[in-house]
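**Q** pasting the structure only:
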């Protein structure tokens with residue numbers, strides 16, 4: 001076996017993005033709820049004669065489809081490419097998902113600002129916010145922070161040539 005053949009299986013494993021299991025499930029549940037709210041509000045938004053409202057409603061239904069496709073592909077089991085898209089979406093970093101979901105949710109609101117579009121896309125936007133918070137990483141503990149502050153203070157003292165406020 002060559003080194004390329006042994007390295008190939010390790011690339012297939014998903015890399016750890018720093019999210020705990022419960023936070024991943026929270027993001028997925030928020031995605032499902034966002035898809036449901038987008039679908040219901042989108043269909044309701046299409047019941048009008050204003051073309052911008054119809055366009056926003058169609059976009060919201062499309063948002064719901066994309067959220068279902070990316071977060072819960074088993075809901076789209078009769079679509080042949082659903083698993084491939086879900087696998088590609090799982091490889092995205094959390095900040096990329098956040099940018100994508102928030103952008104998808106904001107477009108219908110800018111297209112037709114109404115109560116239906118605003119609250120219909122709120123949970124989908126919240127899903128993007130949850131992924132954005134996940135991209136910030138875990139919060140550090142107090143001991144590490146105190147150690148960094150002490151080290152920073154020592155570095156500043158060495159640079160200025162003072163210790164405890166008195167010059168050497």
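**A** Yep, it's here. Predicted, not measured: the structure shown is a model, and the values here were computed from it.

**Q** can you tell me how far residue 28 sits from residue 75?
**A** Relative to residue 75, residue 28 is positioned 11 Å away (C-beta to C-beta, to the nearest Å). Every residue, glycine included, has its C-beta placed from N, CA and C.

**Q** cool, residue 42 as well?
**A** From residue 42 to residue 75 the distance is 16 Å (C-beta to C-beta).

**Q** okay, now residue 76: neighbour count?
**A** Residues lying near residue 76 (other C-beta atoms under 10 Å) number 17.

**Q** repeat for the one 10 residues further on
**A** As a burial measure, the neighbour count of residue 86 was computed by other C-beta under 10 Å and equals 18.

**Q** State the helix or strand in which it lies.
**A** In this assignment (DSSP states H and E), residue 86 forms part of helix 82-91.

**Q** other SSEs contacting whichever helix or strand comes after that helix?
**A** Counting by DSSP H and E, the next helix or strand C-terminal to helix 82-91 is helix 94-111. For helix 94-111, the packing partners by 3 or more C-beta pairs under 8 Å, 6 or more residues apart in numbering; DSSP states H and E come out as helix 21-45, helix 51-71, helix 115-120, helix 122-136.

**Q** hmm, 7 Å instead?
**A** helix 51-71, helix 115-120, helix 122-136 (3 or more C-beta pairs under 7 Å, 6 or more residues apart in numbering; DSSP states H and E).

**Q** Run through the neighbouring helices and strands of the second one.
**A** In terms of contacts (3+ C-beta pairs under 7 Å, 6+ apart), helix 115-120 is packed against helix 21-45, helix 51-71, helix 94-111.

**Q** between those helices, which one is nearest to residue 134?
**A** helix 94-111 (4.1 Å; C-beta to C-beta).

**Q** Verify the stated contact: residue 68 with residue 76.
**A** Yes - between residue 68 and residue 76 there is a contact under C-beta atoms under 7 Å: 5.9 Å.

**Q** between these two, what contacts are shared?
**A** Counting by C-beta atoms under 7 Å, 6 or more residues apart in numbering, residue 68 and residue 76 have no shared contacts at all.

**Q** Out of the helices and strands packed on helix 115-120, which is the most enclosed?
**A** helix 51-71 (a mean of 21; mean count of other C-beta atoms under 10 Å).

**Q** tell me the average confidence for that one?
**A** Helix 51-71 shows an average pLDDT of 92 in the prediction.

**Q** The residue most central in space within the chain: what's it in contact with?
**A** Centroid-nearest residue in the chain: residue 131, 2.6 Å away (criterion: C-alpha atoms, centre = their mean). By C-beta under 7 Å, 6+ apart, the contact set of residue 131 is 27, 94, 97-98, 101.
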